[in-house]
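Q: what follows is a predicted protein model with its sequence.
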Amino acid sequence: MKVEGNLLENNPLLVAMKNALGSQTDIQIQESGEAPRLILYGEQSDSQVLSVTSTGKVDEYLLKYVVSFRLMDKDGKLLSEPQTVRVQREHQFDRLNVLAKEREEQDLRRAMQRDAVQQILRRLSRVIINPNADER
């Protein structure tokens, strides 16, 4: 399988997906045009205020992470409909401990990305790739 997308080659999502496919499945990562292609796109990360204190300061955020993907055969035919994975986490904010909370938010975002990779792997496991489908 070839993993690609409208992401930079060293994008953490692309790297994590290649690593997960290589270590958690029997799928071999290939760069040739003969392999099915997993295309990742539409990666977005966002936050939304969930609650504020009585003085109007932010107390809690909702972190959101979204990525879409589709699986195509070597000829460009869709093997599965395009799908979107959404991951959310709540994050408490402490204005007295800003640096630690920023680090915690970064860790949460990385964990959300790992969760998205695992969700994609589970969804891919349901897709049966039959290379001889056209020979019937």
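A: Right, received. Where do you want to start?
Q: residue 78 and residue 36: what is the separation?
A: 11 Å (CB to CB, to the nearest Å). C-beta coordinates here come from the backbone N, C-alpha and C atoms, glycine included.
Q: shared neighbours, those two?
A: 71, 72 (CB atoms under 8 Å, 6 or more residues apart in numbering).
Q: residue nearest the centroid of the protein?
A: Geometric centre of the chain, nearest residue: residue 116, 4.0 Å, by CA atoms, centre = their mean.
Q: which SSE is it in?
A: In the assignment (DSSP states H and E), residue 116 maps to helix 98-125.
Q: likewise residue 69?
A: Per DSSP H and E: strand 58-72 holds residue 69.
Q: now the angle from that strand to helix 98-125?
A: 30 degrees (axes from the mean of the first three to the mean of the last three CA atoms, to 10 degrees).
Q: list the buried residues of strand 58-72.
A: Buried positions in strand 58-72, judged by neighbour count with 16 or more other CB atoms under 10 Å: 59, 61, 63, 64, 65, 66, 67, 68, 69, 70, 71, 72.
Q: what helices or strands is that strand leaning on?
A: strand 37-52, strand 78-92, helix 98-125 (3 or more CB pairs under 8 Å, 6 or more residues apart in numbering; DSSP states H and E).
Q: make CSV from the ones you listed and add mean pLDDT and distance to residue 12 to it.
A: Formatted as CSV, those follow (pLDDT from 0 to 100; distance: least, CB to CB, whole Å):
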stretch, mean pLDDT, distance to residue 12
strand 37-52, 93, 10
strand 78-92, 94, 14
helix 98-125, 90, 6
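Q: what residues of stretch 49-59 count as buried?
A: So, applying 16+ other CB under 10 Å, buried residues of stretch 49-59: residue 59.
Q: show me the contact partners of that stretch.
A: Outside stretch 49-59, the residues touching it (CB under 8 Å, 6+ apart) are 60, 61, 62, 90, 92, 93, 95.
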